[in-house]
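Trainee: Return atomic coordinates for the entry below.
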Amino acid sequence: MVNHKRLTTPFTKKTVLSLKAGDEALISGIIYTARDVAHKRLCDLLKAGKELPLDLDGQTLYFTGPTPARPGTVIGSAGPTTSSRMDAYSPIIIEKCSLRGMIGKGNRSKQVIKSMTEHGCVYFAAIGGAGALIARSIKSAEIVCYEDLGPEAIRRMEVEDFPVIVAIDCHGNNLYINGPSACRIRDAV
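Mentor: The predicted structure is shown next:
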C-alpha cells in the first residue's frame, strides 16, 4: 500500500521544503485554476504595479480548463494542461506572489525551476487523461475572475484528497530528468 503525504493548502514554505521529487501526495483545501491567458493577464497586472484579483500567497495553481459540469456534479472533467505553456509567466508569479505550488503535466523550463528553488515553490504532476477521476476530488468550484475566458477563467476550487506526485521539488530534483535514469539503474540490477 502506498503511503501518501497528506497536504493542506495554503502551503507554508516549511511544507514545501519538506517535499521531495517522487513523493505521492493527496492535497486538501483550496487550489486555483489558471491557464496561459489568465497567467498573462495576472503578469500584465503585476508588471503594471496593480493589485491582482486574488491573493496567491502560499497558494497552488492548477493548470486546467475544466469542461462544463453535468447535472448533479460540481465540475466536468478537470485534467491537467501541459505546463510549459505557463513557463513564460510562472517565474514572475512565483517571485512576486509567493506562489508555493503548481499542478500540471510535463517538464518545466530551467527558468521556472530556478525560480522555484530560489523562492520555495513545488511542482506537482497530475495524471493526464484522468480528468474525470480527478474531478471526483473537487468538492466545489466557483469563478473568481476572468469569466470571459470560459473554461479558462480562474476558479477557486475546494479539493479533498486531490492525487498528485511531486515532479520537481524546491531543491531542483526533477523526476522528468532523474526518474528515467533511476529506473534504468534499477532494471540493470
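
Trainee: What ranges does this protein have for its strands?
Mentor: With DSSP state E applied, the chain shows strands at 5-8, 24-33, 60-62, 101-104, 122-125, 138-145, 154-168, listed in chain order.

Trainee: want to throw the ones you listed into JSON lines with mean neighbour count and mean pLDDT?
Mentor: In this view, the C-beta of every residue, glycine as well, is placed from N, C-alpha and C. Compiled in JSON lines, the strands of the chain are given as follows (neighbours: other Cβ atoms under 10 Å; pLDDT from 0 to 100):
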{"stretch": "strand 5-8", "mean neighbour count": "15", "mean pLDDT": "94"}
{"stretch": "strand 24-33", "mean neighbour count": "19", "mean pLDDT": "97"}
{"stretch": "strand 60-62", "mean neighbour count": "27", "mean pLDDT": "98"}
{"stretch": "strand 101-104", "mean neighbour count": "26", "mean pLDDT": "98"}
{"stretch": "strand 122-125", "mean neighbour count": "26", "mean pLDDT": "97"}
{"stretch": "strand 138-145", "mean neighbour count": "16", "mean pLDDT": "96"}
{"stretch": "strand 154-168", "mean neighbour count": "21", "mean pLDDT": "96"}
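
Trainee: Quick check: which of those is nearest to G72?
Mentor: Closest approach to G72 among the strands of the chain (Cβ to Cβ): strand 138-145, 13.8 Å.

Trainee: Indicate which one of the strands of the chain is closest to P91.
Mentor: strand 101-104 (11.2 Å).

Trainee: counting contacts, what elements does that closest one pack onto?
Mentor: strand 60-62, strand 122-125 (3 or more Cβ pairs under 8 Å, 6 or more residues apart in numbering; DSSP states H and E).
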